[in-house]
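**Q** fold the following for me, if possible:
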Amino acid sequence: MPDMTGKEKHPGGRPLKFKTVEELQAKIDSYFKDRVDESGTAIKPVTITGLALHLDTSRETLMDYQERDEFSDAIKRAKLRIENYYEENLMTGKPTGPIFALKNFGWKDHSTVHIPGHTPLSEEDRALLAAYAKNK
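**A** This is a model prediction of the structure:
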C-alpha cells in the first residue's frame, strides 16, 4: 500500500527469513542430507532444535512458519521426519528419551485395564456419570 509520498509502505513486522517455500525446503533438505541415509534411517540425531539451528532461527520462529499456509506443509513434513526418528528409537534398549520427545509431539501414554466379567461403560454413560457427579 503506497504512503502519502507514493512509495510502497512496508506492511510491518520483521521481513521473512525465507521468501519462498522452495528456499525453505532446500534448507530443510540440507539439514537431513548428512543426518539420514538413503533408506531414510537417521545416522545422526535429528531434532527440532537442530533443525532450527541449521535454519539459523529459533524453535519459536520455526513454529511461526508452520502457521503460515505457504510454509506449513514443509515444516510439518520436517517435524514428521523428526518424529519418525524418535519412534524408531523406541526399539532401542533406552526408550526414555524418545518417549519424552514423542509426548512433546502430542503422543499420549495410557493403559486400559479390562476386568473379566465387567462391561466397560460407554462414552455416553461416562458423560452422564460425570455430569451427575458434578451436580452433586
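**Q** nearest residue to the residue most central in space within the chain other than its sequence neighbours?
**A** Taking CA atoms, centre = their mean, the centroid of the chain lies closest to residue 79, which sits 4.8 Å from it. Closest residue to residue 79 in three dimensions, ignoring its sequence neighbours and counting by CB to CB, 6 or more residues apart in numbering: residue 48, at 6.7 Å. Placement of C-beta: from N, CA and C, glycine included.
**Q** quick one, what contacts residue 65?
**A** Neighbour list for residue 65: 18, 24, 71-72, 75 [criterion: CB atoms under 8 Å, 6 or more residues apart in numbering].
**Q** before we move on, back to that, any idea how far the residue nearest to the centre of the chain is from residue 37?
**A** As defined by CB to CB, to the nearest Å, residue 79 lies at a distance of 20 Å from residue 37.
**Q** and for residue 123?
**A** Going from residue 123 to residue 37 by CB to CB gives 44 Å.
**Q** can you tell me the closest non-neighbouring residue to residue 18?
**A** residue 24 (4.0 Å).
**Q** that older thread, secondary structure element for the residue nearest to the centre of the chain?
**A** Assigned by DSSP states H and E, residue 79 belongs to helix 69-89.
**Q** now for that helix, which elements pack on it?
**A** helix 21-33, helix 48-54, helix 59-66, helix 96-104 (3 or more CB pairs under 8 Å, 6 or more residues apart in numbering; DSSP states H and E).
**Q** just the buried residues of the shortest one, please?
**A** Taking 16 or more other CB atoms under 10 Å as the neighbour-count basis, helix 48-54 is seen to contain the buried residues 48, 51-52.
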